[in-house]
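J.: Just the structure for this:
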Amino acid sequence: MEAERSIERVLTTQVKLRHLLMFKTVAECGALSRAAETLHMSQPAVSKTIHELETLLGERLLERTAKGVIPTVFGSHVLRYAHSLHAELKRAAEELTALRQGAAGKLAIGSYMVALPTLLPRALSLFFAGGDATRVSVVDGSKERLLSGLQSGEIDIVVGRMSEQDGHGQIRQIPLYFEPIVLVAGSQNPLAAKASPTPADLAAQEWVMPHASSVARTPIHMFFAREGLDLPARIVETLSFPLIRALLLQRNIVAALPWQIVQADIEQGILAKLPVDIGYPALPVGIITHAHDSLSAAALRMVDNLKQAAGELYHRPPAA
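T.: Presented below is the predicted three-dimensional model:
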């Protein structure tokens with residue numbers, strides 16, 4: 001406890017902003033000389049500042065290797081907080097500049113595929129209906145890309161599939177609803193005309209699946225393993241719905257997708273929902289934020305709008 005109080009005292013009364021930002025630059029550059037060039041300072045001045053920070057914290061933050069300097073274990077933790085602090089300062093600068101100039105602020109939203117068709121559009125409609133002039137940027141992509149952007153401060157909030165394993169205490173998750181997963185094929189696929197497709201029928205098909213490292217792939221593997229069948233011989237790995245949809249329309253191919261993604265195409269007869277339950281659990285969908293960063297006023301409004309949109313779309317109040 002005394003050690004914790006000591007570090008808190010050092011961080012709040014003795015460590016200066018320049019210490020942390022300079023350490024961040026050195027760690028990113030991988031060499032004191034390159035960091036000095038980036039900062040337009042002399043190398044001895046950079047080295048002195050890093051030494052000051054190490055002395056204040058009582059720990060080595062960098063270690064030399066054949067390729068330069070890298071953070072120690074302790075230094076990696078300090079670096080994470082330096083990144084977070086820098087991101088907060090950038091956000092503050094953008095908001096204060098916008099206020100000074102009478103301009104709109106900025107909001108960056110990361111979105112998984114599951115939130116793109118209905119949830120996010122409805123939330124954005126509510127957001128702008130309130131008269132908000134904030135410039136919104138929507139980024140989609142893999143879980144790794146979006147969570148990395150969240151951690152670095154480039155993304156303010158992420159909306160989409162939640163996972164208990166994500167973030168290791170560095171993220172906060174707000175559940176909204178559970179999204180069913182359905183098995184689909186193109187309406188021209190002979191499998192779509194079958195009243196009761198068998199597991200062997202599915203194994204003989206081409207499939208679109210998430211990448212092998214994705215947890216969303218596991219239920220599909222388990223289904224074929226339970227049935228004593230090998231995985232399909234032809235698999236396309238992608239998270240791009242435009243590509244998935246084109247493949248479903250052009251080839252005899254099968255995919256397991258969130259209901260909201262394919263609902264309109266199924267209702268229009270473009271895609272067909274296959275009457276097979278492969279044991280895929282419903283996806284928990286929610287809002288993901290950085291656990292240690294405060295949200296801007298615009299981000300807080302968007303969180304409220306996402307909760308309201310979820311309640312409207314699913315006819316029940318979102319979970320707290």
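J.: Check which residues of stretch 220-233 are buried.
T.: Neighbour-count burial for stretch 220-233 flags 220, 223, 224, 232 (criterion: 16 or more other C-beta atoms under 10 Å). (Glycine included, C-beta is placed from N, CA and C.)
J.: hmm, which two among those residues are most spread apart?
T.: The widest separation within the buried residues of stretch 220-233, taken as C-beta to C-beta, falls between 223 and 232 and amounts to 11.2 Å.
J.: Quick one: classify residue 293 as helix, strand or coil.
T.: coil (DSSP: H, G, I helix; E, B strand; the rest coil).
J.: Specify the residue positioned farthest from the middle of the chain.
T.: residue 44 (39.4 Å; C-alpha atoms, centre = their mean).
J.: okay if I get the buried residues of stretch 220-233 as a markdown table plus secondary structure?
T.: Formatted as a markdown table, those follow (three-state DSSP):
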| residue | secondary structure |
| --- | --- |
| 220 | helix |
| 223 | helix |
| 224 | helix |
| 232 | coil |
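J.: name the element the residue farthest from the centre of the chain belongs to?
T.: helix 43-57 (DSSP states H and E).
J.: hang on, residue 81 in a helix?
T.: Yes: assessed with three-state DSSP, residue 81 lies in a helix.
J.: Could you report the pLDDT at it?
T.: You'll see residue 81 listed with a pLDDT of 84.
J.: which intervals of the stretch 101-250 of the chain have sub-threshold pLDDT?
T.: Scanning the stretch 101-250 of the chain for pLDDT under 70 picks out 101-104, 164-169.
J.: where along it do the helices fall?
T.: 119-129, 143-152, 199-203, 218-226, 241-250 (DSSP state H, counting those that start in this stretch).
J.: Tell me the buried residues in the second one?
T.: Applying a neighbour-count criterion of 16+ other C-beta under 10 Å, one finds 143, 146, 147, 149, 150, 151 buried in helix 143-152.
J.: follow-up on the earlier one: contacting residues for the residue farthest from the centre of the chain?
T.: With contact set as C-beta atoms under 8 Å, 6 or more residues apart in numbering, residue 44 has no partners.
J.: mind running it again at 10 Å?
T.: Listed by C-beta atoms under 10 Å, 6 or more residues apart in numbering, the contact partners of residue 44 are 32, 36.
J.: Can you check which residues contact both of residue 223 and residue 232?
T.: What both residue 223 and residue 232 touch, as defined by C-beta under 10 Å, 6+ apart, is the set 202, 203.
J.: check contacts around residue 74.
T.: With C-beta under 10 Å, 6+ apart, residue 74 has these contacts: 54, 57, 58, 59, 60, 61.
J.: 6 Å - rerun?
T.: residue 59 (C-beta atoms under 6 Å, 6 or more residues apart in numbering).
J.: who touches stretch 131-150?
T.: 104, 105, 106, 107, 108, 109, 110, 111, 155, 158, 290, 298.
J.: and these, which are buried?
T.: 105, 106, 107, 108, 109, 110, 111, 155, 158, 290, 298.
J.: List just the nearest of these to residue 65.
T.: Using C-beta to C-beta, the buried ones among the contacts of stretch 131-150 come closest to residue 65 at residue 290, 30.0 Å.
J.: separation between that closest one and residue 150?
T.: Applying C-beta to C-beta, to the nearest Å, the value for residue 290 to residue 150 is 6 Å.
J.: Which helix or which strand is home to residue 64?
T.: strand 62-65.
J.: Go through the helices of the stretch 101-250 of the chain and name the closest to residue 309.
T.: Comparing the helices of the stretch 101-250 of the chain by C-beta to C-beta, helix 119-129 comes nearest, at 3.9 Å.
J.: which residues are contacting the closest one?
T.: Under C-beta under 6 Å, 6+ apart, the answer for helix 119-129 is 111, 302, 305, 306, 308, 309.
J.: Right, I'll call it a day here.
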